[in-house]
Each structure stands twice: as C-alpha cells, then as structure tokens.
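Q: sharing a sequence plus its predicted fold:
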Amino acid sequence: MTRLISARSATFAALAIPNYRRYVRGQAVSLTGTWMQMTAQAWLVLTLTHSATKLGLVVALQTLPVLLLGPYGGVVADRVDKRRLMVALQIAMGMQALVLGLLTVTGVVQLWEIGALAALLGLNNAFENPARQSFMLEMVGAEDLRNAVSLNSVLVNVARTLGPAVAGVLIATVGEGLCFLLNAASFIPVVLSLLRLDRSALCPSLPAIRAPGQLREGLRYIARTPELAWPLAMMALVGCLAYEFQVSLPVMARQGLHAGATGYGFMTAAMGVGAVAGGLLVAARGRTGLPTLALSAAAFAVVLTLAALAPTMGVELVALALTGWASISFMATGNSTLQLAAEPAMRGRVMSLWFVAFQGSTPIGGPIIGWVMAQAGARAGLGVGAVACLLAALMGVTAMRGVRRRSPSAAHLRAREHRAEPSA
C-alpha cells in the first residue's frame, strides 16, 4: 500500500501545485475542442477535394507560420509576460474557430477559406506555443518540470482520445461545422484559468532586454551546446516525416482500411489511449537525456512499421495505441531534456525551436507524405515515418559519444536530471 501511494504521488506530483491544477482544468476542455477541430478540418478537406495532396497542403499552410516565425516567437516569449501573451492569443484562436464554424454550418465554406484560416491559426501558434512551453517551468519549478510536461502530454492525449471520437460521431450525424463551433467555445475555460492563476506563486524568468541580434544569439547558443542541438535535430527529422498523422491517418482510414469517418476517429483515439498510458509511465518513472531519447525513437520506428503493415482495423488499432505510447515518450523526453539543459534567459528561444522542429517542419513533411501516399499508397506515409524514427535513433547514438567527451556539460545536465527526479 505504501508503494502504491508513493507511486501515485510521483505520477501526479505536479498536481499538488494549485496553479498547475487551475491550468490543467482549463486545458482539459480546450484541448478536447482542438482535437475535434483537427479531425473535422482534415475530413472536411478530404470531402471537398478527395485529395491527399491538398490535405497535406492545408496542413502545411497551418504550420508554415511556425516554420517562418516560430524562432522569433521564442524571442518575444523571452521578452514579455508569457501569461498575458497566452491570454491574448488564446482569444484569437477561439475567434478563428468561430469563423470557420460559421462558414461551415452555413454551407458556404471553400477550400481557400479553410487554408487562410489554417494559416491564421498557425500564426497564433508560432507565438503562443513558445510562451506556453517555457511558462511551464515558471509555474511548477525545476523539480516538478518533467512530471508536469508528462502530465500535460497525458492531457493532450486524453483529449486526442475523446476529441476525434466525438468528432467522428458529429461528422457522421450533423456535419463538421458543429465541431468548429464547440472548439470556439472551449477557449473560454482556458482563458479564465490563465486569468485566475495566483501570480504571487509564479516564478517568472527575468525578461530579456530588447536588443538587436537576439535570435542569432539564441541560434549560436544552441549550436555550441550539443545537449540542445542533437535533440532538436532528432525532433526536426521525426517531426517532419513521422508526426504527420493529420495527413497519414485520414488517408489510411479512407483508402487503406476503407473505414470511413468513424474509423478515422477510432484510429486517432487509439493513439490517444496508448499515449495516455505511456505519458503516465513517463510521469512516474521517465528519465531525460539523449540515451532515453534515442531509445524512444527506436521504439517509435518499430511500432510505426507495424502500423504501416497492419492488415485489419483491429491490428491497426493495437499498432496505433503502441505508436501513441512511443510518440509521447519521445516528445516528453525531448521537451524536458531541453528545458532542464537551457539557460533561463534562453529558454523561450530554445523551446520555440523545439516547436519549429515538431510542427514547423510540417510545411515540408506534410506535402511530402501526401505525395508519397498519392504515389505509393496509403500505407507508405506511415512507413516513411518509421524510417525517419530509425534514423533519429541512430543520430542519438552518435550524439551520445560526442556529449560524453564534453564531460563538464554532461555532468551539469546529469545533475539537473537528478534534481528533476521525483522523490520515492
């Protein structure tokens, strides 16, 4: 019984922090709406165009601003009050969902409008995500950071389980428009939660003084710090070619398994179920650093291969659950490793490049995966992702040798990892 209580305390340690609990309550509603919108948007584009390539292009439009402006978003995050910036941008994202919903329910929506609104959402994400990622440390502190990041990933994937399943039912019964309208309403709780945080309990980093060359300064800092550069390079490869599930899964459902909108919803939900289980394990016992990151990438490659080859929906759902487990392990490990290794004054810029590597690479990867599936079939998209993960694992193994030779930096990182370990 004592061990059970101890394990539970370690798994949910960050929830003991009142501000984090408020933040999680708001995010729980908003993220479910976000996954509903992502599912409905992908299905709406496929319904209008019947083209995997055009779906890839819409996804690319949504992430192109992240690629172009994400690094500058990190500079802004280091300069300003992150909480206030998040409030403003969350409101803007709610307005985007409202406009898309109204266009869809009135039956006048066109492909170019979906693309334009997707690009506007990407512009918001380019500035909101670096602020949100680096705000986590200010809210929970270094000791509980890894646990908070892992629990936040669990929350994302609980939403991934619920959102697409609900969206699949709504799409089949009343259409995509209601999904967008519900997502617009879901931003109200997250904005209220940010406004109600106890600011006296936050530990904000000192804002960087506005000066020319701060973006170049951040890039040079990362380039000379292998503990940051290698995880970012690994995520750039995996993010570009493996995390293109907005493109690969709807096409796999429609053309590979002939499962329809409901099947697509359950496929995405299966990934969420696996990611929740994996996220809880990482929260309780996960570690940071390049060895764990390389192992996660290798596991990701194996399960993506299984998902690409699955002959039936039943096998596919199992494979996607395992894919969710491996993907969240890779993502949470990389995120925590970077935040713990980065200097506070550079954290916004470092995390902006993490987001660029994860989502900003989609303007390149989305069309590539769409084209590959158009040429080689629906299963090829997941197969390309498996190869990318295997190459990332090999990069991690190579990087470990170089980092070990830099013993002071490596020792510093290990010391920070030790401080981040939950107490038994």
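A: Nice, I can see it. Given the structure is predicted, the values throughout are model-derived calculations rather than measurements.
Q: and for residue 106, the neighbour number?
A: 9 (other C-beta atoms under 10 Å). Every residue, glycine included, has its C-beta placed from N, CA and C.
Q: residue 390 too?
A: Look at residue 390: counted by other C-beta under 10 Å, it has 18 neighbours.
Q: what is the helix or strand hosting it packed up against?
A: For residue 390, the enclosing helix or strand under DSSP states H and E is helix 379-405. Judged by 3 or more C-beta pairs under 8 Å, 6 or more residues apart in numbering; DSSP states H and E, helix 379-405 is in contact with helix 226-241, helix 245-251, helix 290-309, helix 362-376, helix 407-420.
Q: again, only using 10 Å
A: helix 226-241, helix 245-251, helix 290-309, helix 313-341, helix 362-376, helix 407-420 (3 or more C-beta pairs under 10 Å, 6 or more residues apart in numbering; DSSP states H and E).
Q: in this structure residue 395 contacts residue 234, no?
A: Yes: in this structure, residue 395 is within contact of residue 234 by C-beta atoms under 10 Å, at 5.4 Å.
Q: name the residue in those two with the higher neighbour count.
A: When neighbours are counted by other C-beta under 10 Å, residue 234 comes out ahead of the other of residue 395 and residue 234, with 27 against 20.
Q: ok, now which ones touch that one?
A: In this structure, residue 234 makes contact with 290, 293-294, 296-297, 330, 334, 357, 388-389, 391-396, 399, judged by C-beta atoms under 10 Å, 6 or more residues apart in numbering.
Q: and residue 314, how many neighbours?
A: Look at residue 314: counted by other C-beta under 10 Å, it has 9 neighbours.
Q: to clarify, my last question referred to residue 65.
A: Tallying neighbours of residue 65 according to other C-beta under 10 Å, which is how burial is gauged here, yields 22.
Q: okay, now the closest residue to residue 255 other than its chain neighbours: neighbour count?
A: With C-beta to C-beta, 6 or more residues apart in numbering as the criterion, residue 255 has its nearest non-adjacent residue at 4.4 Å, and that residue is residue 378. For residue 378, the count of nearby residues is 22 (other C-beta under 10 Å).
Q: what is the least confident helix or strand in the protein?
A: helix 407-420 (a mean of 45; mean pLDDT, DSSP states H and E).
Q: residue 275 versus the nearest residue to residue 85 once chain neighbours are set aside, what's the distance?
A: Once flanking residues are discounted, residue 85 sits nearest to residue 131: 4.8 Å by C-beta to C-beta, 6+ apart. Separation of residue 131 from residue 275 (C-beta to C-beta, to the nearest Å): 24 Å.
Q: between these two, point out the one with more neighbours.
A: Counted by other C-beta under 10 Å, residue 131 and residue 275 do not tie: residue 275 has more neighbours, with 29 against 24.
Q: got the phi/psi numbers for the more buried one?
A: Listed backbone geometry of residue 275 is phi -70, psi -40, with angles given as degrees, to the nearest 10.
Q: now do the contacts for it.
A: 153-154, 156-158, 160-161, 282, 320-321, 323-329, 331-332.
Q: so residue 178 touches residue 170, yeah?
A: Yes: the pair residue 178 and residue 170 passes the contact test of C-beta under 10 Å, sitting 5.4 Å apart.
Q: the nearest residue to residue 381 once chain neighbours are set aside - how many residues pack around it?
A: Residue nearest to residue 381 in three dimensions, not counting chain neighbours: residue 248, with 3.7 Å by C-beta to C-beta, 6+ apart. Summarising burial for residue 248: neighbours were counted as other C-beta under 10 Å, giving 32.
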